[in-house]
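Visitor: Give me the fold of what follows.
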Amino acid sequence: MGVAEQMDQTVAAVVADSYAQLRRFAAVVAPWDMDPDDVLHGALVSVLHRSHVEQLENPTAYMKTAIVNHVRSELRKTGTRRRLAKRLKSEHTAVGTPAYPSDLADLMNLRPLDRAVLFLHDVEGVPFDEVAAATGISPGHARVTASRARRRLRALLEEEEK
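Guide: Have a look, this model is predicted:
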């Protein structure tokens, strides 16, 4: 078996072992109109293009960081397209957000990083050190992000009740 075949098998094993976890993470981090499989695929392509997965110390955490970065990138592209459409006075109608059938629907009002931090720490019970590694920020920044995101979420929920 050649080196390339061994690397392919290693990458396939890493993806197979953590696919469900990564897909669920992508579903939480991405906006409702982005397919989690597409997000995961885009992040995986980016990772495979830039690094050797088999040489990473924690490939799952690295993939989570790639997922957050991929969503941020896609949202920037979407924002640029919207601003361009307004500038050109093109008719651009926003698609309404469908009702989510879960308690996580309110998370969709937060930024992707905020959603990722809250989901990992508050829902999955991941310690802040691991949240930081997964999202590419420092542990202190993860704590601050979680605190601010909870405050934003609380304000949004109070606003809805009024």
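Visitor: drop to CA atoms for contacts and neighbour counts, all remaining ones
Guide: OK.
Visitor: Identify each buried residue in the helix or strand that contains Arg150, please.
Guide: Arg150 belongs to helix 139-161 when assigned by DSSP states H and E. Residues of helix 139-161 classed as buried: 139, 142-143, 145-146, 149-150, 152-153 (neighbour count, 16 or more other C-alpha atoms under 10 Å).
Visitor: Using a markdown table, please lay out those together with pLDDT and distance to Leu107.
Guide: A markdown table is the format used below for the buried residues of helix 139-161 (pLDDT from 0 to 100; distance: C-alpha to C-alpha, whole Å):
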| residue | pLDDT | distance to Leu107 |
| --- | --- | --- |
| Pro139 | 93 | 21 |
| Ala142 | 94 | 16 |
| Arg143 | 94 | 17 |
| Thr145 | 93 | 14 |
| Ala146 | 93 | 12 |
| Ala149 | 90 | 9 |
| Arg150 | 90 | 10 |
| Arg152 | 90 | 10 |
| Leu153 | 86 | 7 |
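Visitor: Show me the two of the residues you listed that sit farthest apart.
Guide: Farthest-apart pair in the buried residues of helix 139-161 is Pro139 and Leu153; separation 20.8 Å (C-alpha to C-alpha).
Visitor: Give the other helices and strands that the lowest-mean-pLDDT helix or strand in the chain contacts.
Guide: In the chain, no helix or strand scores lower on mean pLDDT, DSSP states H and E than helix 3-29, which sits at a mean of 77. When contacts are defined as 3 or more C-alpha pairs under 8 Å, 6 or more residues apart in numbering; DSSP states H and E, helix 3-29 sits against helix 36-50, helix 59-87, helix 112-118.
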